[in-house]
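Undergrad: Fold the stuff below for me.
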Amino acid sequence: FFQKNSNAILDMNYPKSLAYLVSFRNFSTSLICQKSQAGRYKTTKFQTFPLTYEMANKPDQIGHRKAWNSWNTSNLYEGMREPETIVDDIFIRKFMTGTWHNMFVSEVSFIFELFFRHCQIL
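TA: Numbering: from 1, shown residues only. Modelled structure (predicted):
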């Protein structure tokens, strides 16, 4: 059935009306391409387009590598100002994302260091 109908469409003696061509339903026998990958970014040939931090890391590595950026050192043994540091960290992050909301790709895309009450954005 499939061969007969597909040959009929290619035959020059049949009328080429749109209703005739659409009336056949063909079964696709091509193999599935399993190359699609979600969340993967490639660099350009000459690396002219820089990747962001999230784009450079693979999706399965983001939880491992980005966790180091969110841990602060005041949570260590005998650390000073533990709750104050966390509240300051949340306040600064909310202030920066609210003030410059178009500058950052995600919440954790910027890293800052608090050192003697001076904020350094990395």
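Undergrad: Give me the distance between H64 and Y53.
TA: Note on H64: its distance to Y53, by C-beta to C-beta, to the nearest Å, is 13 Å. For every residue, glycine as well, the C-beta is placed using N, CA and C.
Undergrad: quick one, which of those two is more surrounded?
TA: Taking neighbours as other C-beta atoms under 10 Å, H64 and Y53 compare with Y53 leading, 16 against 10.
Undergrad: what comes up buried for stretch 46-53?
TA: Applying a neighbour-count criterion of 16 or more other C-beta atoms under 10 Å, one finds Y53 buried in stretch 46-53.
Undergrad: could you give the mean pLDDT of it?
TA: On average, the pLDDT along stretch 46-53 is 81.
Undergrad: now the end-to-end length of it.
TA: Stretch 46-53 has its terminal residues 19 Å apart, counting by C-alpha to C-alpha, to the nearest Å.
Undergrad: and if you look at stretch 43-55?
TA: End-to-end for stretch 43-55, by C-alpha to C-alpha: 10 Å.
Undergrad: Return the set of buried residues in the longest helix seen in the chain.
TA: Criterion DSSP state H: the longest helix present in the chain is helix 82-99. Residues 85, 88, 93, 96 are the ones in helix 82-99 that count as buried (16+ other C-beta under 10 Å).
Undergrad: list the helices and strands that helix packs on?
TA: Where contact means 3 or more C-beta pairs under 8 Å, 6 or more residues apart in numbering; DSSP states H and E, helix 82-99 is packed against strand 112-115.
Undergrad: Swap in 10 Å and give it another go.
TA: strand 112-115, strand 118-121 (3 or more C-beta pairs under 10 Å, 6 or more residues apart in numbering; DSSP states H and E).
Undergrad: So F46 belongs to a strand, correct?
TA: No - F46 is assigned coil when assessed by DSSP: H, G, I helix; E, B strand; the rest coil, not a strand.
Undergrad: The chain should start at 16 in everything you say after this.
TA: Okay, residue one is now 16; in that scheme the one you just asked about reads as F61.
Undergrad: how far away is R108 from K57?
TA: Remark: distance between R108 and K57 (C-beta to C-beta) = 30 Å.
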